[in-house]
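[1] 3D, please:
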Amino acid sequence: MGNTFGHLFRVTTFGESHGGGVGVVIDGCPPQLAISPEDIQVELDRRRPGQSKITTPRKEADTCEILSGVFEGKTLGTPIAILVHNKDARSQDYSEMVQAYRPSHADATYDAKYGIRNWQGGGRASARETIGRVAAGAIAKKILHQVAGVEIVGYVKRIKDLEGVIDPNTVTLTQVEETIVRCPDPECADRMIELIEQVGRAGDSIGGVVECVARGVPKGLGEPVFDKLEADLAKAAMSLPASKGFEIGSGFAGTLLTGSEHNDEFYTDEQGQIRTVTNRSGGIQGGIANGEPIVLRVAFKPTATIRKEQRTVTVTGEETVLAARGRHDPCVLPRAVPMVEAMVALVLCDHLLRHQGQCGVLTH
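    Now for the predicted structure:
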């Protein structure tokens, strides 16, 4: 239960952090879409561990294998299975977690729910599970770009109290990838990197905010009432490991404005298209895309597994102290960027296919 996401474009992830491998089964992908392992690998390389001095040193190439659903470089319309083998697991680093629960991790709650858990690397609660999401997201991105010209760009907006100045209307993937922290504000990025290194040396961790923009989203995507586009985006974002908050458009800051200050007034552009002067709605009104860029933000907490000693209890309820071993990101934000992009792509692709099935054509 709870391992499948989507309606028409459905993905089911599988595998544990220290098991044989992780991956995804994608059902509902249209046939004759050109796709290759290289298309998927580009996104997995942005997510993989060991990519820079501010990420976990676990060394995984995360090389993907397409097991089914693709023939002679094109999708068949049948389920696509993608597998990534785990190569550099060090399960002995987690031996303390057999008995001791990590504070703010899923150890205790998995035991409460199932009465059993995989203590090696966190099992399904590990961010390694997101490999399947990112692989599926690569395919969803290609469908969105090919069918509707949609472009999705995520980036680190804030780490702790350091916030970059970034224009979601113009930011590019190239700018994002120019720094290892994936903040396209170079001056702020340098300070973020310095802070992450400082916190990591102290055996601690920090969190922050990923912002993501989807440009070129066709008008009309979204299904009232319970499948509003922002509602599905919120569920997608909040299903990511370590996510603790979601907002779209003006978000919580919009509560400080009056209606006259917040409303996005309409006008007709030179091409005769109805547009909004501002975009405080974040590209969605009434749960339906209005054609403006969709701008959302996801808050991520500090990594739960840290080397500093913390009070905890054992599985039998005895109080103890835990200083975790293992290899963990001092800040999840740089690697969370492709994860957020992937979940946004999965939602938009699913709603694109649903809209085509319901309305027959795209509304521009």
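[2] do a quick rundown of the strands in the stretch 151-300 of the chain.
    For the stretch 151-300 of the chain, the strands defined by DSSP state E, counting those that start in this stretch cover 151-159, 162-163, 208-215, 243-248, 266-268, 274-276, 284-285, 288-289, 294-300.
[3] how about the helices in this structure?
    37-47, 107-114, 130-148, 173-176, 186-201, 229-238, 259-262, 333-359 (DSSP state H).
[4] between the ones you listed, which one is closest to L162.
    Judged by C-beta to C-beta, the one of the helices of the chain that comes nearest to L162 is helix 186-201, at 5.3 Å. (Each C-beta comes from the backbone N, C-alpha and C, glycine too.)
[5] which secondary structure elements does that closest one contact?
    strand 151-159, strand 162-163 (3 or more C-beta pairs under 8 Å, 6 or more residues apart in numbering; DSSP states H and E).
[6] turn the ones you listed into a markdown table, columns for distance to P30, mean neighbour count and mean pLDDT.
    Listed next are the helices and strands packed on helix 186-201 as a markdown table, based on distance: least, C-beta to C-beta, whole Å; neighbours: other C-beta atoms under 10 Å; pLDDT from 0 to 100:
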| stretch | distance to P30 | mean neighbour count | mean pLDDT |
| --- | --- | --- | --- |
| strand 151-159 | 19 | 24 | 98 |
| strand 162-163 | 40 | 18 | 98 |
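[7] and the gap between the closest residue to R158 other than its chain neighbours and A112?
    Distances taken as C-beta to C-beta, 6 or more residues apart in numbering place V209 nearest to R158, at 4.3 Å, with adjacent residues excluded. V209 sits at a distance of 30 Å from A112 (criterion: C-beta to C-beta, to the nearest Å).
[8] do H105 as well
    13 Å.
[9] more neighbours, these two?
    H105 (20 against 10; other C-beta atoms under 10 Å).
[10] show me what contacts the more buried one?
    122, 125, 304-305 (C-beta atoms under 8 Å, 6 or more residues apart in numbering).
[11] circling back to that earlier point, as a markdown table, the strands of the stretch 151-300 of the chain with distance to L333 would be great.
    What follows is the strands of the stretch 151-300 of the chain, written out as a markdown table (distance: least, C-beta to C-beta, whole Å):
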| stretch | distance to L333 |
| --- | --- |
| strand 151-159 | 5 |
| strand 162-163 | 11 |
| strand 208-215 | 5 |
| strand 243-248 | 11 |
| strand 266-268 | 36 |
| strand 274-276 | 30 |
| strand 284-285 | 24 |
| strand 288-289 | 27 |
| strand 294-300 | 6 |
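[12] name the nearest residue to K157, sequence neighbours excluded.
    That would be E211: by C-beta to C-beta, 6+ apart, it lies 3.9 Å from K157.
[13] pull the contacting residues for the one you found.
    154-157, 166, 168, 295-297 are the contacts of E211 under C-beta under 8 Å, 6+ apart.
[14] and for I248?
    230, 233-234, 282-284, 294-297.
[15] try it again with 6 Å
    Listed by C-beta atoms under 6 Å, 6 or more residues apart in numbering, the contact set of I248 reads 230, 282, 296.
[16] so where's the chain shaky on pLDDT?
    Applying pLDDT under 70 to the chain flags residues 88-94, 326-327, 361-364.
[17] OK, contacts around the closest residue to C331 other than its chain neighbours?
    Counting by C-beta to C-beta, 6+ apart, I196 is the residue found nearest to C331 once chain neighbours are left out, at 4.7 Å. Residues counted as contacts of I196 (C-beta under 6 Å, 6+ apart) are 54, 330-331.
[18] if we use 7 Å, what do you get?
    For I196, the contact set (C-beta atoms under 7 Å, 6 or more residues apart in numbering) comprises 54, 159, 206, 330-331.
[19] identify the farthest-apart pair in the contacts of H105.
    A125 and T305 (10.6 Å).
[20] those two - which one has more neighbours?
    Neighbour count, other C-beta under 10 Å: between A125 and T305, T305 has more, with 23 against 20.
[21] ramachandran coordinates for that one?
    phi -80, psi 110 (degrees, to the nearest 10).
[22] how close does it sit to S17?
    11 Å.
[23] ok, residues contacting stretch 234-243?
    125, 127, 130, 246, 296, 298-301, 303, 332, 336, 339-340, 343-344, 346-347.
[24] nearest residue to A324 other than its sequence neighbours?
    T305 (4.7 Å).
[25] repeat for A299
    A299's closest residue in space is G245 (C-beta to C-beta, 6+ apart), at 3.4 Å.
[26] wait, the one you found sits on L296?
    No. Judged on C-beta atoms under 7 Å, G245 makes no contact with L296 at a distance of 11.0 Å.
[27] and F246, how many residues sit next to it?
    For F246, the neighbour count with other C-beta under 10 Å is 18.
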